[in-house]
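Chemist: Dropping the sequence and predicted coords here.
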Amino acid sequence: MNPRDEELVASAQKGDRRAFEELVERHKHKAYHIAFDFARDREEAKDLSQEAFLKAFSNLKKFDGRSSFYTWFYRILVNLCLDYKRRQKRAPSDEFDETVEHQLEPSHQPSIPMSPDQHVLAGQISHKVGVALQALPPKQRTAFILKNHQGLSIKEIAEMMQTAEGTVKVHLHRAVTALRQRLAEFA
Amino acid sequence: MADQNNPLVVPCKTLEEDLVLLHYGDLAGTERDALQSHLNGCTGCATYLRELGNLLPLTVKADEPAPTFWDDYSRELRHKLDATAEKKRWWQSLAVIFQPGLLSAAAGAAVVAIALAFTLGRGVWPTKDIPHDDEAMMEALPVAENLEFFKAMDVLDDLDLLESMGSQGGAA
């Protein structure tokens, strides 16, 4: 029988590296996908999710088990993603670069081949969505991504964001309203 | 896709938040039933819900990396973990040296060593700054000789004065 996360954490806290590597194997896919939802870039998502694991590893002794490892770890990850977005915002804003967008697209191509026009349209939509998401305040963006992209429950999001469930619902509603206005042409 | 010039559909303001939750399947029980029956008679809310269904999936950018990506991911992370563990060990060994107890003990020992060196070292090492008594005498002697010379010069001045006074008196 596979040990629970908490058992692995307890072993890792005693210095068992294999236990921590098992935690990595369990959570790496989800961690990567959350990071990808924030960064919308494969390399950045890989770096951010790995950084979250390293931070968790360094601070493992501080984990007191009051929340689940899952909640604790994803809180670290989301904070790193938000910091990354903040840093990116301070960098000069990028104009829509069709070439760059095209370079990114092959990894996310659907199974049905697209015509060149559809490809351009998909790139434009993706870019506009990215800009609209980035324009959201951090808490709204977090609530939206964790709900819309990751399908987490309101309760899980509230635990991760260390806030009340009602507050998460408000953030989510405001995020949806803002996105609907910004992306009205696609509705 | 809706016409870009069309204004957005306006749902019932008080139900907007619940409609978002209904879209995500987060509304349950009587609240969900009440909203469902409201939707049957409200075009604005029904259209809004449909719009969310069209729009929100577009915001998801799917990414499924190949299995090789995950192998590299794990290998790379293991190397990073090794480096982190090594760095942690280094800091821990440094932290042992700079423990508050050890640090204050070392500081105390240093103070005692300096104090002992000053106290016991006075007789052992000759001091360069403070001259010995003989050396001081040797330094002061030329100065004293100079003083004698100037005094002798004063006596000579006095003799000259007496001589000139005597010659003046003889002439008179």
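Modeler: Yep, it's here.
Chemist: now what about stretch B:14-26, what contacts it?
Modeler: Outside stretch B:14-26, the residues that touch it by CB atoms under 8 Å, 6 or more residues apart in numbering or on different chains are A:147-148, A:153-154, A:169-170, A:172-173, A:176-177, B:11, B:27, B:31-32, B:35, B:38, B:45, B:48-49, B:52-53, B:56. Glycine gets a C-beta too; all of them are placed from N, C-alpha and C.
Chemist: Can you go through those and name the buried ones?
Modeler: Neighbour counting over these (16 or more other CB atoms under 10 Å in any protein chain shown) leaves A:147-148, A:154, A:169-170, A:172-173, A:176, B:11, B:27, B:35, B:45, B:48-49, B:52, B:56 as the buried ones.
Chemist: Please identify which of those is nearest to B:Asp134.
Modeler: Comparing the buried ones among the contacts of stretch B:14-26 against B:Asp134 with CB to CB places A:Val170 closest, at 94.7 Å.
Chemist: Model confidence score at the closest residue to the closest one other than its chain neighbours, please.
Modeler: Closest residue to A:Val170 apart from its sequence neighbours, by CB to CB, 6 or more residues apart in numbering or on different chains: B:Glu17 at 7.4 Å. With respect to pLDDT, B:Glu17 scores 95.
Chemist: separation between B:Glu17 and B:Ala113?
Modeler: Separation of B:Glu17 from B:Ala113 (CB to CB, to the nearest Å) stands at 73 Å.
Chemist: what about the two, which has more around it?
Modeler: Neighbours were counted for B:Glu17 and for B:Ala113 using other CB atoms under 10 Å in any protein chain shown; B:Glu17 has more, 18 against 10.
Chemist: residue nearest the centroid of chain A?
Modeler: Nearest to the mean C-alpha position of chain A, by CA atoms, centre = their mean, lies A:Ile34 at 2.6 Å.
Chemist: following the helix or strand hosting that residue, which helix or strand shows up next?
Modeler: Assigned by DSSP states H and E, A:Ile34 belongs to helix A:17-39. Proceeding N to C from helix A:17-39, the next assigned helix or strand is helix A:42-58, under DSSP H and E.
Chemist: mean confidence for that next one?
Modeler: Per-residue pLDDT values over helix A:42-58 give a mean of 96.
Chemist: Counting neighbours, what do you get for residue 26?
Modeler: Just going to use chain A. Neighbour tally, A:Arg26, other CB under 10 Å: 15.
Chemist: not quite, I wanted chain B
Modeler: Counted with other CB under 10 Å, residues neighbouring B:Asp26 total 18.
Chemist: Can you tell me how far it is from B:Thr59?
Modeler: For B:Asp26, the distance to B:Thr59 - CB to CB - is 17 Å.
Chemist: Quick check: phi and psi at B:Glu64.
Modeler: phi -120, psi 90 (degrees, to the nearest 10).
Chemist: Pull out the buried positions in stretch B:69-85.
Modeler: Those would be B:Tyr73, B:Leu77, B:Leu81, for stretch B:69-85 by 16+ other CB under 10 Å.
Chemist: Repeat that for stretch A:58-69.
Modeler: If you call a residue buried by 16+ other CB under 10 Å, then stretch A:58-69 has these buried ones: A:Leu60, A:Phe63, A:Phe69.
Chemist: Can you name the residues that contact residue 138?
Modeler: As the question left the chain open, I've gone with chain A. By CB under 8 Å, 6+ apart, the residues touching A:Pro138 are A:Leu82, A:Lys85, A:Arg86.
Chemist: Can you look at chain B instead?
Modeler: B:Met138 touches nothing, counting by CB under 8 Å, 6+ apart.
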